[in-house]
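>>> sharing a sequence plus its predicted fold:
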Amino acid sequence: HHYWLHFLYSQDKTFLREQALPIMRLSFLTYANLLEPGDDGKLHVPFSYSPEWGEGSVSGYGPDPNADLALIRFLAGAIVKSEKILGAADSAGDRAREILDKLTDYAQVNARLKVRGDVALSHSHRHHSHLMAIHPLGLLAMDGTDADRRLIRNSLHEIRVQGTGQWTGWAFPWMSLIASRAGYGNMAWQMLDLYANGFIRPN
């Protein structure tokens, strides 16, 4: 993702062709080779782990973590966009388009993003990986569809309801960025204020 952001900032097509695209392609293919078709005709991540959920226990593993689905969708989209920018077909381009067409939707319940396909956010949790589609990847945005906006609003409402009891320092500025993407200025400020007053010390 950082390679892609560097290209967007620099507009250096040589960098895109020789450095960004190769690493994005290999990352994409690693994910693509894990996907399996489900009974619904969609492609699914059969077994994976949402960062720090379950603290490494076997209960932390399961199908379709939203972190993985967001990263797969981002990588496939970046490859397709790169083809257009560079004016050349990529070896993974056809597969990227197929996966974008067939990849299962984000795991959700009552228009709220879940941790993974079989697990909803049931308690305060410091790692906001299930919200990666909002930030840093920007795949779900307030200028998207009505469904996207509802999903963002409801997911952030759930974060506020669950609270910050199990967060650690870096979870606050990350949530500030997510809130900023959602247009929640007061929430973004509050997260930074809590971070600055609760975790920052002279060094």
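All right, it came through fine. None of these values were measured; they are calculated from a predicted model.
>>> so who does the residue most central in space within the chain touch?
Ranked by distance to the mean C-alpha position of the chain (CA atoms, centre = their mean), the top residue is Met132 at 2.5 Å. By CB atoms under 8 Å, 6 or more residues apart in numbering, the residues touching Met132 are Asn66, Ala67, Ala70, Leu71. For every residue, glycine as well, the C-beta is placed using N, CA and C.
>>> show me those that map onto helices.
In this view, the contacts of Met132 that belong to helices under DSSP state H are Asn66, Ala67, Ala70, Leu71.
>>> state the number of residues packed around the first one.
Which is Asn66. 24 (other CB atoms under 10 Å).
>>> my read: it touches Tyr106, true?
Yes: the pair formed by Asn66 and Tyr106 meets the contact definition of CB atoms under 8 Å, at 5.3 Å.
>>> any residues in contact with both of the two?
Leu113, Lys114, Ala133.
>>> got a pLDDT number for the last one?
For Ala133, the pLDDT comes out at 98.
>>> out of the ones in helices among the contacts of Met132, who's nearest Pro51?
Of all the ones in helices among the contacts of Met132, Pro51 sits closest to Ala67, with 6.4 Å by CB to CB.
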